[in-house]
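Peer 1: Next input, structure requested:
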Amino acid sequence: MIPLVDTHVHINFPEFGEELELIQQRWRAEGITYLVHSCVHPREFDQIRRIADRFEEVYFAVGLHPLDEELNQRGWQSDLGSQIHFLAQQHHKIVAIGETGLDFYKAQGGEGQKQAFITQLEIASEFNLPVIIHCRDAAEVTRDLILEFNQSHPPVRGVMHCWSGNAQETEWFVDLGFYISFSGIVTFKNARSVQESACVVPPDRLLIETDCPYLAPVPWRGKRNEPSYVIKVAEKLAELRQQTLTELSIQTTLNACNLFGLPPLSL
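Peer 2: Below is the predicted model:
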């Protein structure tokens with residue numbers, strides 16, 4: 001069976017109800033070897049930890065999403081940084097900080113988002129963990145903040161998740177040493193810019209994800225997404241990059257293990 005890693009899920013969300021056992025059966029049937037569970041707020045920690053304890057394939061992150069309502073209304077609260085710092089040390093299956101980043105499409109709380117982002121970069125640097133970065137309508141600012149951060153810290157590493165930037169923006173983050181992860185968006189007929197970006201990512205920097213329960217790939221577009229659907233992302237990327245599905249799956253699985261420090265596999 002072809003190995004796959006879904007590098008970004010939110011299976012703690014209410015859309016999944018009590019179905020996780022069935023959903024696990026489906027992801028295992030598609031060869032999903034590992035899942036990386038992202039975190040939108042530290043208050044999710046206990047819920048996600050229970051999922052990681054329940055399913056051996058699941059590893060996870062802790063962080064604060066840039067679209068957090070409180071963040072964009074009140075600005076950055078330093079106690080949230082303290083919570084993330086504390087929680088990042090509380091479980092052996094924590095493999096990243098995030099998701100963090102900047103989103104100027106849905107919110108205007110730029111300064112609060114920037115402070116939250118920088119604090120999480122600092123935490124990731126301290127614990128030598130990668131960052132999971134959400135970036136929408138903010139590629140240039142995100143790049144500049146990372147460049148500035150790297151001047152006074154060891155270069156931060158991580159992934160641009162659910163990537164929707166153009167080819168030039170993609171190359172900015174590849175040059176910074178980042179991995180680029182594509183979601184079901186790459187299967188959409190009108191996503192030409194994203195498809196072009198998928199072709200410029202070096203093989204050793206490419207990742208796949210669902211971002212479930214959102215952004216289900218074709219042919220399930222508009223429905224609830226789930227980890228087993230990541231196979232459709234892999235198939236589309238293989239088509240775009242003129243590779244076999246096996247080649248792309250093995251490469252993206254190795255990349256995920258390298259970035260997140262997941263247990264090595266015999267591939």
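
Peer 1: any idea how far residue 220 is from residue 230?
Peer 2: 12 Å (CB to CB, to the nearest Å). Where you see a C-beta, it was placed from the backbone N, CA and C, and this is true even at glycine.

Peer 1: for residue 160, same thing?
Peer 2: In terms of CB to CB, residue 160 sits 17 Å off from residue 230.

Peer 1: which regions of the stretch 101-250 of the chain sit below the pLDDT cut-off?
Peer 2: 108-109 (pLDDT under 70).

Peer 1: Repeat the analysis, applying 90 as the threshold.
Peer 2: Residue ranges of the stretch 101-250 of the chain with pLDDT under 90: 105-111.

Peer 1: show me where it has strands.
Peer 2: Read by DSSP state E, counting those that start in this stretch, the stretch 101-250 of the chain holds these strands, from start to end of the chain: 131-136, 158-160, 179-182, 206-208.

Peer 1: quick one, which of those is nearest to residue 173?
Peer 2: For residue 173, the closest of the strands of the stretch 101-250 of the chain is strand 158-160, at 5.1 Å, according to CB to CB.

Peer 1: other SSEs contacting the closest one?
Peer 2: strand 131-136, strand 179-182 (3 or more CB pairs under 8 Å, 6 or more residues apart in numbering; DSSP states H and E).

Peer 1: In this structure, which residue sits furthest out from the middle?
Peer 2: residue 74 (25.7 Å; CA atoms, centre = their mean).

Peer 1: count of residues packed around the closest residue to it other than its chain neighbours?
Peer 2: Distances taken as CB to CB, 6 or more residues apart in numbering put residue 112 closest to residue 74, at 7.5 Å, once the chain neighbours are dropped. Neighbour count for residue 112, taken as other CB atoms under 10 Å: 20.

Peer 1: can you pull the contacts of residue 112?
Peer 2: Residues in contact with residue 112, defined by CB atoms under 8 Å, 6 or more residues apart in numbering, are 71-72, 74-76.

Peer 1: re the thing from before, tabulate the strands of the stretch 101-250 of the chain (a markdown table), appending distance to residue 260 and mean neighbour count.
Peer 2: Putting the strands of the stretch 101-250 of the chain into a markdown table (distance: least, CB to CB, whole Å; neighbours: other CB atoms under 10 Å) gives the following:
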| stretch | distance to residue 260 | mean neighbour count |
| --- | --- | --- |
| strand 131-136 | 9 | 26 |
| strand 158-160 | 9 | 28 |
| strand 179-182 | 10 | 28 |
| strand 206-208 | 10 | 25 |
